[in-house]
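J.: predicted model and sequence follow; I will ask about them next.
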Amino acid sequence: MKNPAGLKAFSERLRFLRKERGYSQQKLADIANVEQSTIKRIELVQLAPTLDLLITLSRALNLEVRDLVDDPAITNSDKEV
């Protein structure tokens, strides 16, 4: 996720999905086996998730990775020349 708009959109989507399931940041972190600060930093747009972390979070939320990032604001980025 190179584009800042995509990172912001992802953080909002993660927060929405987490809250939709009734999870606190700590609960999601426990399920995903990551630090709570990792979830917090993603949601505050301070950390761009790696592919491994995207896979881990999608599994913790019982989603396919594509469903976690399925938003044009997340997946579209400027084309490199």
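T.: Received it, and whenever you're ready, just let me know what you need.
J.: just list the residues touching residue 32, thanks.
T.: When contacts are counted by C-beta atoms under 8 Å, 6 or more residues apart in numbering, residue 32 is found next to 39, 56, 57, 59, 60. (C-beta placed from N, C-alpha, C; glycine too.)
J.: just the buried ones among the residues you listed, please.
T.: Neighbour counting with 16 or more other C-beta atoms under 10 Å marks 39, 56, 57, 60 as buried within these.
J.: secondary structure element holding the second one?
T.: Which is residue 56. In the assignment (DSSP states H and E), residue 56 maps to helix 51-60.
J.: pull the distance from the following helix or strand past that helix to the chain's centre.
T.: Later in the chain than helix 51-60, the nearest helix or strand by DSSP H and E is helix 65-68. Centroid separation for helix 65-68 versus its chain: 9 Å, with C-alpha atoms, centre = their mean, to the nearest Å.
J.: about what we covered before: kindly export the helix holding residue 56 (C-alpha atoms) in PDB.
T.: Written as PDB, here are the backbone C-alpha positions of helix 51-60 (Å, rounded to 0.1, in the frame of the first residue of the first chain):
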ATOM      1  CA  LEU A  51       1.400  -8.900   3.200                       C
ATOM      2  CA  ASP A  52       2.100 -11.300   6.100                       C
ATOM      3  CA  LEU A  53       0.200  -9.000   8.400                       C
ATOM      4  CA  LEU A  54      -2.700  -8.600   5.900                       C
ATOM      5  CA  ILE A  55      -3.000 -12.400   5.800                       C
ATOM      6  CA  THR A  56      -2.900 -12.700   9.600                       C
ATOM      7  CA  LEU A  57      -5.500 -10.000  10.100                       C
ATOM      8  CA  SER A  58      -7.800 -11.400   7.400                       C
ATOM      9  CA  ARG A  59      -7.600 -14.800   9.100                       C
ATOM     10  CA  ALA A  60      -8.400 -13.300  12.500                       C
END
